[in-house]
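**Q** missing the sequence, but the structure's below:
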């Protein structure tokens, strides 16, 4: 993610974001355990995925293999009707499990077609199936719901989730906003395929992830059907709605491109979006084959949002992007989307890599070298905010989209490049994207890979640039 029109800065404004949810964790957990009754705690799916930055995000006890989301959105009343069918595999015996869903009214829950008990507990939808589910059992959960979706305010003060616009909705879910518009397992550790069927008033376009399977108009409404085959974390899903000009084509590499652009941004966006095929081809040479069958852009007119997001296969921009932003969000398709996080503290693996891709693009397209970009940052005094915290462990959800994660994360990669040389460095980047394709990665795994490829002990380098407090000394 990045903030449009900013260089070497976070995708979101620094310094704000919500902490209130953290204080509720002991109460929420106690309430869940108290309500467990005679059931053993070993048969109850955890109410969170165990992430210290967002303790209630995600859930335990199951893996969602597929989401089938049917949505109907009225852009005048702002009312959303939803039906979510989740194909799920139990990873333990379950007498009860949670789904993440904030706001909206749930009208019914079924497990394998049989009505299940359910109740709300903050952002948790607590489901009690009629019969216990066996470990490794595959089952379907159907949730019907409706209401007026509202964005959540994150620890840094920015909004994410279903964000209203003057002609529809800007739907950007990082890090926790997916729960504002569909029930699910909302943590990057759980990745799934998706189908979307979205009905909106005629004249509006609904854009989701993956390949457009079809659209039809009847009775004053248009329905769009989208399919995202490759595994995707919930926060990368979108269902953005607006008045868009649409462009579709297939690249020479067979990638299906779908661009949706608000008319108010079209003139500024056109020369940048024209570069998308060449940017993807350039990144494919560096990082390995493009990981998805679809690509494109959603360029909305959302002046109150303040950031862009790497929504999988089709990045989402709040206004016309510049080329650096296009490069950044496109690089995320490898680093962040295909190779996903297992914990939010490792966010530098997303943002540091995408920022360094900007440096590399500049270096190879007549702009500043990566070394010059590094030197300009390193020249900042020790009191500068760049050195406020180490990027490898930002310390809280408030910091994960702040300058050190992006800029110092990129600096760590440049130091790695200097230490191992270009041949090994680019081998490391490509191997990381290839070996973890459609999966997950951790900082420890990246360090191990870098040492394996280079044959060097790199613990000191990574400790200095990822975990040391304050401004590091140059080697």
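**A** Thanks, I have it. This structure is a prediction, so every number in the text was calculated from the model and none was measured.
**Q** which residue ranges form the helices in the stretch 151-300 of the chain?
**A** 266-273, 276-287 (DSSP state H, counting those that start in this stretch).
**Q** other residues contacting the longest one?
**A** Right, helix 276-287. For helix 276-287, the surrounding residues in contact (C-beta atoms under 8 Å, 6 or more residues apart in numbering) are 251-253, 255, 257, 259, 290, 295-297, 323, 326-327, 330-331, 333-335, 357, 360-361, 364, 426, 429-430, 433. For the C-beta atoms, the positions are set from N, CA and C on the backbone; glycine is no exception.
**Q** how far is that helix from where the chain is centred?
**A** 21 Å (C-alpha atoms, centre = their mean, to the nearest Å).
**Q** okay, strands next: where are they in the stretch 101-250 of the chain?
**A** According to DSSP state E, counting those that start in this stretch, the stretch 101-250 of the chain carries its strands in the segments 105-111, 114-115, 117-121, 124-128, 138-147, 152-153, 159-165, 168-172, 191-201, 205-207, 211-218, 221-233, 240-242, 244-250.
**Q** and among those strands, the most buried is which?
**A** Most buried of the strands of the stretch 101-250 of the chain by mean neighbour count (mean count of other C-beta atoms under 10 Å) is strand 168-172; its value is a mean of 28.
**Q** so what touches it?
**A** 73, 75, 149, 160-164, 177, 181, 200, 204, 237-243, 300, 302, 305, 307, 309, 311, 316, 318.
**Q** and if you look at stretch 380-394?
**A** By C-beta under 8 Å, 6+ apart, stretch 380-394 touches 14, 345-348, 352, 377, 395, 399-400, 402-405, 407-409, 412, 443, 462, 465-471.
**Q** what subset of those residues is buried?
**A** Neighbour counting by 16 or more other C-beta atoms under 10 Å classes 14, 345-348, 352, 377, 399-400, 402-405, 407-409, 412, 443, 462, 465-466 among those as buried.
**Q** just after the longest helix anywhere in the chain, pick out the following helix or strand.
**A** The residue-count maximum for a helix in the chain (DSSP state H) belongs to helix 348-364. Toward the C-terminus, helix 348-364 is succeeded by helix 370-378 as the next helix or strand (DSSP states H and E).
**Q** ok so, going back, of the contacts of helix 276-287, buried ones?
**A** Buried by 16+ other C-beta under 10 Å: 255, 257, 259, 290, 295-297, 323, 326-327, 330-331, 333-335, 357, 360-361, 426, 429-430, 433, out of those.
**Q** starting at the chain centroid, how far to the host helix or strand of residue 418?
**A** For residue 418, the host element (DSSP H and E) is helix 409-420. Its chain's C-alpha centre and that of helix 409-420 lie 25 Å apart, by C-alpha atoms, centre = their mean.
**Q** now do the longest helix of the chain: which elements does it pack against?
**A** helix 276-287, helix 323-331, helix 370-378, helix 409-420, helix 443-454 (3 or more C-beta pairs under 8 Å, 6 or more residues apart in numbering; DSSP states H and E).
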